[in-house]
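[1] For reference, the sequence and a predicted model appear below.
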Amino acid sequence: MLDIAFIAHDRKKDEIVNFVIAYEHVFQGHNLFSTGTTGKRIMEATKLKIHRFMSGPLGGDQQIGALVAQNEMDLIIFLRDPLMAQPHEPDIIALLRLCDVQGIPVATNVATAEMLVRALDRGDFAWRELVDKYKPEEV
Ligand SMILES: O=C(CO)COP(=O)(O)O
């Protein structure tokens, strides 16, 4: 069971909802997280239970980033709007930077998200289960 986060900017909300509907059978059985409004939209459209953090502009990206920093997030699907300035741009950049620090798979468009969810379905994320299992003790 992996920890997976969904995030989408406003003009990408319909896209992420349709994407999650299409792959609901793959996502069920995992621990699902999201920023506030994205999770609300997905839960209204599917049977999935999602732990919702705050809305992105209020700190939701940072809350998910905190889990990434602790290597406690396995996959992030973050459909960004590349054509609209976001007031919380620094939070978004920080989240993506932390994904690179920890080597966490993150999709920022639906084409990459498709590849990752198919890999998830095939079992290609088994290495993340090992990360969870053999996490070093805190020092
Ligand atoms: O702004 C976001 C990510 O940067 C998304 O936040 P919401 O899901 O609350 O709309």
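    Alright, I've got the coordinates. All values reported here derive from a predicted model rather than from experimental measurement. Numbering: from 1, shown residues only.

[2] Need the nearest residue in space to whichever residue of the chain sits closest to the ligand, chain neighbours excluded.
    Nearest residue of the chain to the ligand: residue 56, at 2.1 Å (Cβ to the nearest ligand atom). Where C-beta positions appear, they are placed from N, C-alpha and C, glycine not excepted. Excluding its sequence neighbours, the residue lying closest to residue 56 (Cβ to Cβ, 6 or more residues apart in numbering) is residue 35, at 4.6 Å.

[3] how deep is that neighbour tucked in, by neighbour count?
    If you count neighbours by other Cβ atoms under 10 Å, residue 35 ends up with 26.

[4] Show me which positions of the lowest-mean-pLDDT helix or strand in the chain end up buried.
    Counting by mean pLDDT, DSSP states H and E, the weakest-scoring helix or strand in the chain turns out to be helix 126-133, with a mean of 78. Across helix 126-133, burial judged by 16 or more other Cβ atoms under 10 Å covers residue 128.

[5] Name the surrounding residues that touch that helix.
    Residues outside helix 126-133 that contact it (Cβ atoms under 8 Å, 6 or more residues apart in numbering) are 2, 71, 72, 74, 75.

[6] quick revisit: can I assume the residue nearest to residue 56 is in contact with residue 7?
    Yes. Between residue 35 and residue 7 there is a contact under Cβ atoms under 8 Å: 4.9 Å.

[7] Find residues that contact each of the two.
    In contact with both residue 35 and residue 7: 56, 60, 61, 64, using Cβ under 8 Å, 6+ apart.

[8] quick one: which of those is nearest residue 108?
    residue 61 (12.5 Å; Cβ to Cβ).

[9] Next, give phi and psi for that closest one.
    phi -60, psi -40 (degrees, to the nearest 10).
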